[in-house]
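> Compute the structure for the input listed below.
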Amino acid sequence: MKEVIEQTITVKATAGEVWHSLTDRDELENWWGDGVTIEPRVGGQFRERWEDDEGKAQLASGKVTFVKEKKQITFTWREKDWPKDATTECTFLIEDQGTKCTLTLKHQGWESLPEQNREKLMKDFKVGWTYHLKELKSYLDE
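Residues are numbered from 1 along each chain as shown. Below is the predicted model:
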């Protein structure tokens, strides 16, 4: 069974505005955090520096694998302390609905992680994504 974190928000913004908030470094700072990069081209970099609960510096990184401007961006995701062959994949899907858009996040590939950590990691990521998407929604709905 494939394990997937999937969350959807609806925002009062155009597909272009949503796309910009996902792919522009200054925009990403407004809702995700400082130093987050998603380069909107195949082979582009994804990077997120963050601190864990113990205040230890962490780094998530990956490569953009698919881009359809104003519609979809997909990138790989690895934390620096994950096992070497463990990689997950994130997709942001934008659906234009006229005066608003839905943005769906799919984060999958959890089966590449060791079973003993998988459930806790997925729980942590669900909490993280819920928080970030709520921030994005309030940023775009302003």
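
> three-state assignment of the residue lying closest to Thr8 once chain neighbours are set aside?
Sequence neighbours aside, Thr104 is the residue nearest to Thr8 in space, at 4.5 Å (criterion: C-beta to C-beta, 6 or more residues apart in numbering). Any C-beta I mention is one placed from the backbone N, CA and C, and that applies to glycine too. Under DSSP: H, G, I helix; E, B strand; the rest coil, Thr104 falls in the strand class.

> residue contacts, Thr104?
By C-beta atoms under 8 Å, 6 or more residues apart in numbering, the contact set of Thr104 is Glu6, Gln7, Thr8, Thr91, Phe92, Leu93, Glu95.

> neighbours around the second one, how many?
When neighbours are counted by other C-beta atoms under 10 Å, Gln7 registers 15.

> so how far is Gln116 from Tyr139?
In this view, Tyr139 and Gln116 are 36 Å apart by C-beta to C-beta, to the nearest Å.

> Compare neighbour counts for the two and give me the winner.
Tyr139 (15 against 7).

> Would you mind confirming that the more buried one is in contact with Trp31?
Yes - between Tyr139 and Trp31 there is a contact under C-beta atoms under 8 Å: 4.3 Å.

> Residues that sit against both of those two, list them.
Here Tyr139 and Trp31 have Ser21 as joint contacts, going by C-beta under 8 Å, 6+ apart.

> And the residue nearest the centre of this protein?
When C-alpha atoms, centre = their mean is applied to the chain, the residue found nearest the centroid is Cys90 (5.7 Å).

> mind checking how far the helix or strand hosting that residue is from the chain centre?
Assigned by DSSP states H and E, Cys90 belongs to strand 88-96. From the chain centre to the centre of strand 88-96 is a distance of 8 Å (C-alpha atoms, centre = their mean, to the nearest Å).

> Neighbouring strands - and their directions - for it?
strand 72-79 (antiparallel), strand 101-108 (antiparallel) (DSSP bridges).
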